[in-house]
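Asks: no sequence for this one, just the structure:
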């Protein structure tokens, strides 16, 4: 595409007709014909790499003023927003060929996105999904995602691939950082969904305070043709205030005293699952916890608003499975205990999960978890407190220690648990899991918490492969069915 065509979407005059063959924000990825977008960063300014990009053959530069003398391109006040528009144009505005559904909230985005994908697929729509677990076309992984919401160049490329593959819909997890950094700037969503809001992602290079975090979430509601929100959440009025006049609004709630279009109630379902009751209908939710019931109600509310048939909603929810989110590992026949894998990596999510599964566990809950290093200490303390209340035994181990020592992190967690329940430190996560399985008795539940879908452990700047499923596969392969009957 000609540079003049790309810059026309910014209203920038340009007489240079250089052919732009790629767009990137990483000077190391620049090749001849590239447009280099020099974005301001939390620690580094992309303008410092313009010279390197030009040496590598960049044909043009997008940056904050001033544009280096004699260099083709554009100088704009907000290069991030500009990049979103330019990347969309470069890939032929693929969002124009898709029905986009944006999902935002502190917790539950990934689970709800999977629910919506299953519902839409069941309804006969070829559906893409982009979020924490990667970019997907149907059940096929298209590409991993480094961020919950990818940067504009990667995002627009994924949308282009989805449109070319015949997708009609895309469910997109939208993070607060995506809004702050303008990753979805210029996109129009057929529906935007708000789940909940609680303090998170505050400090460091993320958000200055809770007010900024909430405000960034709310900006998404300026970009939707339909707004759906959790009427019981205290932050919903802030989200609703950003909805443009005339845009339809639909609300849902699990609290009967909250005025909402879709009021839901929950009852026990099969195994660890639930049954959702709303609007005179019942829906199976094959996952435990009121929070998953709330996610399901959110998916139902959006689907109804979009006119999806009730049977497709029912069947879609029934078939949903989310890697690392209250995921029940398929133990061999005859195994008298349950193994659950979940991404719960802070005190609030741990507490909610443990409270949810407690009524359905006849034996002990054995929790295996650690906490991320180089993160606020209060997070690991809160996790210890949650285990003290909700578990019967805790095995403390590595998560992503980063620059800290696993033993030091675990010691702080243990101090938070105190003498409430027995606990032990086993730094090696494989050994910790094996110890939990070896001690499990009939009726127990072994909860592997904090890693969820992740397949690496990061320590001292190096990420090594680690999969809890592989550990479980090896352990159960070494223990025959006869072992469980003894």
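Replies: That came in fine, so what should we check first? All values derive from a computational prediction rather than experimental measurement. Residues are numbered from 1 along each chain as shown.
Asks: where does residue 442 land on pLDDT?
Replies: Residue 442 is assigned 96 on the pLDDT scale.
Asks: so who does it touch?
Replies: Residues in contact with residue 442 (Cβ atoms under 8 Å, 6 or more residues apart in numbering) are 336-337, 363. Quick note: C-beta positions are derived from backbone N, CA and C, even for glycine.
Asks: so it sits in a helix?
Replies: No. Counting by DSSP: H, G, I helix; E, B strand; the rest coil, residue 442 is located in no helix; its state is coil.
Asks: Just the buried residues out of the contacts of residue 442, in PyMOL syntax.
Replies: The buried subset of these, as determined by 16 or more other Cβ atoms under 10 Å, is captured in PyMOL by this line:
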select buried, resi 337
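Asks: Would you reformat the contacts of residue 442 as JSON lines and include pLDDT?
Replies: Converted to JSON lines, those look like this (pLDDT from 0 to 100):
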{"residue": "336", "pLDDT": "95"}
{"residue": "337", "pLDDT": "96"}
{"residue": "363", "pLDDT": "97"}
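Asks: From residue 275, how far out is the residue nearest to residue 105 when sequence neighbours are not counted?
Replies: Among residues not flanking residue 105 along the chain, residue 195 sits closest, at 2.9 Å (Cβ to Cβ, 6 or more residues apart in numbering). Distance, residue 195 to residue 275, by Cβ to Cβ, to the nearest Å: 20 Å.
Asks: circling back: so, if you compare the contacts of residue 442, which one comes nearest to residue 456?
Replies: Distance to residue 456 across the contacts of residue 442 (Cβ to Cβ) is lowest for residue 337, with 27.4 Å.
Asks: partner residues bridging residue 425?
Replies: Residue 425 has these beta-bridge partners by DSSP bridges: residue 396.
Asks: So for it, what's the pLDDT?
Replies: You'll see residue 425 listed with a pLDDT of 98.
Asks: how about it, what does it touch?
Replies: 396-397, 407, 410-411, 414.
Asks: filter the residues you listed to the buried ones?
Replies: Buried among these (16+ other Cβ under 10 Å): 396-397, 410, 414.
Asks: Check those residues and tell me the two furthest apart.
Replies: Put simply, by Cβ to Cβ the two of those set farthest apart are 397 and 414, 11.4 Å from each other.
Asks: Can you name the residues bridging to the residue nearest to residue 136 when sequence neighbours are not counted?
Replies: Closest residue to residue 136 apart from its sequence neighbours, by Cβ to Cβ, 6+ apart: residue 129 at 4.6 Å. With DSSP bridges applied, residue 129 shows beta-bridge pairing to residue 136, residue 171.
Asks: partners of the host helix or strand of residue 250 in the sheet?
Replies: Take DSSP states H and E as the rule and residue 250 turns out to sit in strand 249-253. Note on strand 249-253: by DSSP bridges, its sheet partners are strand 227-230 (parallel), strand 262-268 (parallel).
Asks: Angles on the backbone of the residue nearest the centre of the chain, please.
Replies: Nearest residue to the geometric centre of the chain (Cα atoms, centre = their mean): residue 132, 3.7 Å. Taking degrees, to the nearest 10, you get phi -60, psi -40 for the backbone angles of residue 132.
Asks: got the contact list for it?
Replies: With the criterion set at Cβ under 8 Å, 6+ apart, residue 132 makes contact with 109-110, 145, 148, 173, 453.
Asks: Please tell me how far it sits from residue 284.
Replies: 24 Å.
Asks: swap in residue 257?
Replies: Separation of residue 257 from residue 284 (Cβ to Cβ): 26 Å.
Asks: Looking at the two, which is more packed in?
Replies: Per other Cβ atoms under 10 Å, whichever of residue 257 and residue 284 has more neighbours is residue 284, with 18 against 7.
Asks: what about the more buried one, distance to residue 45?
Replies: Distance of residue 284 to residue 45, computed by Cβ to Cβ: 52 Å.
Asks: How about residue 162?
Replies: Distance from residue 162 to residue 45, counting by Cβ to Cβ: 33 Å.
Asks: Just give the nearest non-adjacent residue to residue 120, would you?
Replies: Residue 120's closest residue in space is residue 127 (Cβ to Cβ, 6+ apart), at 4.4 Å.
Asks: Residue 113 is in contact with that neighbour, correct?
Replies: No. In this structure residue 127 lies outside contact range of residue 113 using Cβ atoms under 8 Å: 10.2 Å.
Asks: okay, and the common contacts of the two?
Replies: Residues within reach of residue 127 and of residue 113 at once, by Cβ under 8 Å, 6+ apart, are residue 171.
Asks: which residues does residue 328 bridge with?
Replies: Residue 328 forms beta bridges with residue 340, as assigned by DSSP bridges.
Asks: Residue 229 contacts residue 251, doesn't it?
Replies: Yes. Applying Cβ under 8 Å as the test, residue 229 and residue 251 come out as touching, 5.5 Å apart.
Asks: and for those two, which residues touch both?
Replies: Counting by Cβ under 8 Å, 6+ apart, the shared contacts of residue 229 and residue 251 are residue 236.
Asks: what are the ranges of the helices in the stretch 1-150 of the chain?
Replies: Shown for the stretch 1-150 of the chain, the helices assigned by DSSP state H, counting those that start in this stretch span residues 3-8, 50-55, 79-90, 109-122.
Asks: from those helices, which stretch is densest packed?
Replies: helix 109-122 (a mean of 26; mean count of other Cβ atoms under 10 Å).
Asks: quick revisit: what about the residue nearest to residue 120, how many neighbours?
Replies: Residue 127: 26 surrounding residues under other Cβ under 10 Å.
Asks: likewise the one 4 residues further on?
Replies: The number of residues packed near residue 131 is 24, by other Cβ under 10 Å.
Asks: Over to the one 5 residues further on?
Replies: Summarising burial for residue 136: neighbours were counted as other Cβ under 10 Å, giving 23.
Asks: Surely it is in contact with residue 142?
Replies: Yes. Residue 136 is in contact with residue 142 according to Cβ under 8 Å; the separation is 5.9 Å.
Asks: between residue 195 and residue 275, who's got more neighbours?
Replies: Each of residue 195 and residue 275 has its neighbours counted (other Cβ under 10 Å); residue 195 has more, 24 against 16.
Asks: and that one, what does it touch?
Replies: Contacts for residue 195 (Cβ under 8 Å, 6+ apart) come out as 103-109, 112, 230, 233, 294-295, 298.
Asks: now residue 214
Replies: Going by Cβ under 8 Å, 6+ apart, residue 214 touches 197, 235, 238.
Asks: likewise residue 349?
Replies: Taking Cβ under 8 Å, 6+ apart, we find residue 349 in contact with 107, 343.
Asks: quick one: it is in a helix?
Replies: Yes. Residue 349: assigned to a helix according to three-state DSSP.
Asks: separation between it and residue 210?
Replies: Distance from residue 349 to residue 210, by Cβ to Cβ: 18 Å.
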